[in-house]
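Enquirer: Using only what follows, build the 3D model:
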Amino acid sequence: MSAAVISVAPTAPAGLVTAAGRSQARRRTLVLLLPALAIVLLLVAAARAWPGAAPALAGAALAGLLLLGARLWQIWHETPAAVAARLNRLHPPLEDSTALLLRPASELNLLENLQQQRLLTRLPELAAAGPLLPVSFRPALGTTALLLALAALVWWQRPPAARAAAVTEDAPVPMHFNAPPATPAAAPRMVATRLRVQPPAYTRQAAFTPAGASFRCPRESRVRWRVTVSRATRTVPVLELGARRLSLRPVPGDSTAFEREETLLTSTLYRLRLGGQVSEDYSIEVVPDQAPVIRVISPKAYTLIEFGQPPRVTIDARISDDYGLIRARLVATVAQGQGEAVKFREVVTDLSAALRGQPATATLRPILNLPALGLTYGDEVYFYLQAWDNHQHLTRSDTYLVQWEDTTVQTSTLDASLGVSTAPAYFRSQRQIIIDTEKLLAEQSKLPAATVQDRANSIGVDQKLLRMRYGKFLGEETDESIGGATRPDEADEAAQAEPPGMGSVVAEDHTEPEPAPAPTEAHSANDGHDHGHNAPTAGGQSGYEARTAELLEPYIHRHDDAETADFLEPAVKAKLQAVLSEMWEAELRLRTGRLREARPYEYRALRLLKEVQQQTRAYVKKAGFTPPPMPEATTRLTGDLAGATAPRRQRQRPAPATQPAVRAALRVLTQLRAAGSVPAGAAAVLEQAGPELSRAALNQPGRYLGALRQLRTLTATLRANRTPDRAGLPALEQAFTSLLPVPPPAPTRTTTPASALTRRYFQELNR
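Expert: Got it, this is the predicted structure:
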């Protein structure tokens with residue numbers, strides 16, 4: 001017995017250290033496993049709620065298991081020396097001597113042996129007070145509780161479709177199959193078809209089972225076809241997806257099930273085939289993801305911040321998307337300075353804080369603080385909004401301008417007129433002046449005298465402007481010398497029966513003869529007054545001024561010389577002078593309120609203007625072009641081909657027939673409707689026209705999908721050598737006819753009228 005004690009004693013101290021390390025390893029393992037189990041539950045809940053994310057979640061779970069295994073290996077393979085060092089740090093009574101317990105007693109000296117005996121006594125005492133290497137469970141329990149709550153929240157908030165999928169299995173989709181040809185009764189047949197649509201991750205939608213074989217799905221959805229056959233077979237069902245023929249794969253563990261999964265990017269048609277059993281054509285409408293829509297409600301396209309207004313602009317924008325928004329930002333371009341010294345700087349503000357949770361619609365109300373952007377008076381800022389959806393589609397709004405008014409710049413009316421095409425001066429015509437005068441005369445009795453005088457003066461002003469306008473044609477720049485005509489004769493004023501404007505057209509006909517010059521007073525040298533001064537001239541000039549003007553006359557260019565300022569004929573110039581004189585007289589009487597006296601002058605001015613217009617017109621005789629005779633004697637047999645062109649022959653050829661397969665199918669359908677027998681190769685001809693009808697059914701399934709199904713049925717019937725049903729041929733023929741282009745309108749002969757008189761008329765015309 002003593003021998004046994006002696007043999008065990010050297011290993012007993014090391015066993016105490018090892019036991020303490022294993023106890024700590026068990027507690028640390030429990031601390032790691034509790035949060036790990038909670039994470040597993042969270043991943044399972046997320047996978048059931050969003051099946052599309054199952055591969056990513058599985059990858060995350062695998063990575064977590066690898067990390068957990070590596071950590072557990074480190075815990076359970078810790079060396080005794082590391083455990084002893086940890087005991088020394090946690091328990092000062094051990095006096096940093098725990099490593100002596102790991103050494104055999106034969107290797108210890110006297111002091112070390114005594115210290116080992118002391119440690120063997122103290123370790124049980126410390127173990128009785130509590131674990132030698134304690135481990136805290138509070139962080140692990142808190143983390144586990146948080147993860148479990150999160151898993152419960154994910155499970156509770158999962159989409160309804162995911163809840164239904166978690167409870168029920170996918171139900172078969174009803175599909176119709178064409179009548180197969182004569183096959184053995186034991187041949188395998190498709191008995192059930194199940195569809196499963198997994199929308200892409202950006203839609204945040206759960207997988208669903210369509211209600212029918214034709215369905216809609218988002219773009220990039222994964223569709224799984226699962227076909228169950230009547231018995232195990234080596235013949236694999238085929239999925240005809242558009243122009244592709246895809247073989248279904250056997251399902252492991254089920255010899256009667258086959259499946260195929262494809263990602264759809266465009267709308268297409270599909271059908272299933274197993275031997276001679278073929279389903280009808282069904283459509284899949286793929287809905288693409290739309291880009292976000294940005295609607296800026298305020299401010300307007302241009303905003304001016306005037307002096308005294310706060311230099312802030314509040315932007316109110318509505319952003320919407322079909323699935324969700326993830327990011328938005330405001331891009332502002334600041335323009336500082338003027339002219340060539342202008343500087344541009346771009347400031348980007350992130351607005352994604354309002355898009356937490358990827359909402360489908362959001363309202364953004366950022367504020368543009370101009371001083372914070374570094375703007376001052378006279379600066380401008382251009383801004384626009386950008387938004388991204390969860391499929392990384394980008395949309396940008398229009399650009400808006402905000403300008404801070406510069407109060408230090410003085411406005412100038414000259415600057416406003418630069419670069420502006422001014423409208424031509426407005427002048428009332430002589431006919432309009434006459435109309436206004438007649439109207440005022442008709443209303444004169446109903447209006448106050450002051451109003452009549454004011455309106456008459458306005459008409460006189462219009463007459464003056466028109467007179468000045470015509471005076472420019474005669475080189476006049478002022479109106480000082482106009483008005484040489486006198487008032488009309490008394491006979492014209494007394495004659496009431498004569499209409500205005502029918503008098504003489506020459507102003508000189510109404511002028512009175514000039515009075516004879518007064519006799520010159522005779523003077524002598526002894527009259528008693530001075531005769532030495534120069535007699536003034538008729539124009540009020542002295543003799544010296546007159547001689548000076550005479551010397552300067554050859555060197556002066558006069559703009560108001562009526563004789564040299566234009567190139568008009570003398571007769572036309574005389575009539576224009578008369579027109580100006582008549583207008584002067586009319587203006588004089590209009591200004592003084594004598595409307596009835598002004599009418600004759602107005603009418604005579606109008607008549608003279610019309611005569612001037614007719615007199616200044618040039619009439620050219622109309623004559624056709626007569627080419628010169630061809631000099632045949634000089635051009636024949638010379639070999640000169642200058643100007644010669646190659647002969648052309650033009651004739652109309654019928655356009656090549658478009659869509660020959662469709663036209664051939666129409667001929668076959670016509671023969672099937674008319675003849676009792678089936679023409680040879682009818683099934684092959686109809687199958688060649690099938691792709692044309694399939695493309696049309698892809699764009700307009702409601703119009704052509706039924707016809708496509710009838711075509712499949714008819715083709716299968718003809719392949720089976722059975723008599724086709726002629727009831728559906730008209731609808732199929734109409735569908736093929738609508739695929740052909742509209743022919744150009746052909747000329748048609750009109751029907752002869754049934755009237756005997758009309759027939760007799762045409763007979764006489766044909767003689």
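
Enquirer: What ranges in the stretch 551-700 of the chain fall below the confidence cut-off?
Expert: Applying pLDDT under 70 to the stretch 551-700 of the chain picks out residues 554-568, 618-623, 630-637, 653-658, 675-677.

Enquirer: Residue ranges of each domain in this protein, please.
Expert: 2-153, 171-287, 296-408, 430-510+556-615, 660-739 (automatic domain parsing).

Enquirer: I'd say Leu304 and Asp406 touch.
Expert: No - using CB atoms under 8 Å, Leu304 is not in contact with Asp406; the gap is 10.7 Å. C-beta: built from backbone N, CA, C; applies to glycine.

Enquirer: Next one: Trp50 relative to Glu280, how far apart?
Expert: Look at Trp50 and Glu280: by CB to CB, to the nearest Å, they are 34 Å apart.

Enquirer: Settle it for me: which of these two has more neighbours?
Expert: When neighbours are counted by other CB atoms under 10 Å, Trp50 comes out ahead of the other of Trp50 and Glu280, with 22 against 19.

Enquirer: What are the boundaries of the strands in the stretch 151-300 of the chain?
Expert: Using DSSP state E, counting those that start in this stretch, the strands found in the stretch 151-300 of the chain span residues 190-198, 215-218, 221-229, 238-241, 244-247, 249-251, 254-264, 268-274, 277-278, 282-287, 293-298.

Enquirer: what's the least confident stretch among these?
Expert: Mean pLDDT is lowest for strand 277-278 among the strands of the stretch 151-300 of the chain, at a mean of 82.

Enquirer: in its sheet, what does that one sit against?
Expert: Sheet pairing of strand 277-278 (DSSP bridges) gives strand 268-274 (antiparallel).

Enquirer: Which residues outside the partner strand are in contact with it?
Expert: 175, 188-190, 193, 225, 227, 229, 235, 237-242, 278-284, 286, 694, 697-698, 708, 712 (CB atoms under 8 Å, 6 or more residues apart in numbering).

Enquirer: roughly how far apart are the spatially closest residue to Val40 that is not a sequence neighbour and Gln198?
Expert: Closest residue to Val40 apart from its sequence neighbours, by CB to CB, 6 or more residues apart in numbering: Ala61 at 7.0 Å. Distance of Ala61 to Gln198, given as CB to CB: 19 Å.

Enquirer: So between the two, which is more surrounded?
Expert: The residue with more neighbours, out of Ala61 and Gln198, is Gln198; 21 against 15, by other CB under 10 Å.

Enquirer: Please look at the more buried one and Arg222 and confirm they touch.
Expert: Yes - Gln198 lies in contact with Arg222 (CB under 8 Å); the separation is 4.4 Å.

Enquirer: give me the element Leu41 is part of.
Expert: Per DSSP states H and E, Leu41 falls inside helix 12-49.

Enquirer: mind listing what's buried in that helix?
Expert: Residues 13, 16-17, 20-21, 23-25, 27-29, 31, 34-36, 38-39, 41-49 are the ones in helix 12-49 that count as buried (16 or more other CB atoms under 10 Å).

Enquirer: Same question for stretch 431-441.
Expert: Neighbour-count burial for stretch 431-441, counted by 16+ other CB under 10 Å, picks out 433-434, 436-437, 440.

Enquirer: same question, stretch 259-276
Expert: 259-260, 262, 264, 267-276.

Enquirer: try stretch 592-610
Expert: 593, 595, 597-609.

Enquirer: Check stretch 576-585 too.
Expert: For stretch 576-585, burial by neighbour count (16+ other CB under 10 Å) applies to 576-585.

Enquirer: what are the C-alpha coordinates of that stretch, in CSV please?
Expert: Output of stretch 576-585 as CSV, limited to C-alpha atoms (Å, rounded to 0.1, in the frame of the first residue of the first chain):
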residue,chain,number,x,y,z
LEU,A,576,-45.3,113.7,-102.4
GLN,A,577,-44.9,117.5,-101.7
ALA,A,578,-48.6,117.9,-102.2
VAL,A,579,-49.3,114.9,-99.8
LEU,A,580,-47.2,116.6,-97.1
SER,A,581,-49.0,119.9,-97.6
GLU,A,582,-52.4,118.2,-97.4
MET,A,583,-51.3,116.4,-94.2
TRP,A,584,-50.1,119.7,-92.7
GLU,A,585,-53.4,121.3,-93.3
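
Enquirer: Hmm, Gln688 and Leu711 touching each other?
Expert: No - using CB under 8 Å, Leu711 makes no contact with Gln688, being 11.1 Å away.

Enquirer: if you count what's nearby, which of those two comes out ahead?
Expert: Leu711 (25 against 15).

Enquirer: re the thing from before, what helix or strand does the residue nearest to Val40 sit in?
Expert: Following DSSP H and E, one finds Ala61 within helix 54-76.

Enquirer: tilt between that helix and strand 190-198?
Expert: Counting by axes from the mean of the first three to the mean of the last three CA atoms, to 10 degrees, helix 54-76 lies at 70 degrees to strand 190-198.

Enquirer: what's next to helix 54-76, contact-wise?
Expert: Counting by CB under 8 Å, 6+ apart, 25, 28-29, 32, 36, 39-40, 43, 46-47 sit against helix 54-76.

Enquirer: which helices and strands sit right next to the host helix or strand of Ala442?
Expert: Applying DSSP H and E as the criterion places Ala442 in helix 430-443. Helices and strands touching helix 430-443, as assessed by 3 or more CB pairs under 8 Å, 6 or more residues apart in numbering; DSSP states H and E, comprise helix 449-471, helix 570-591, helix 595-615.
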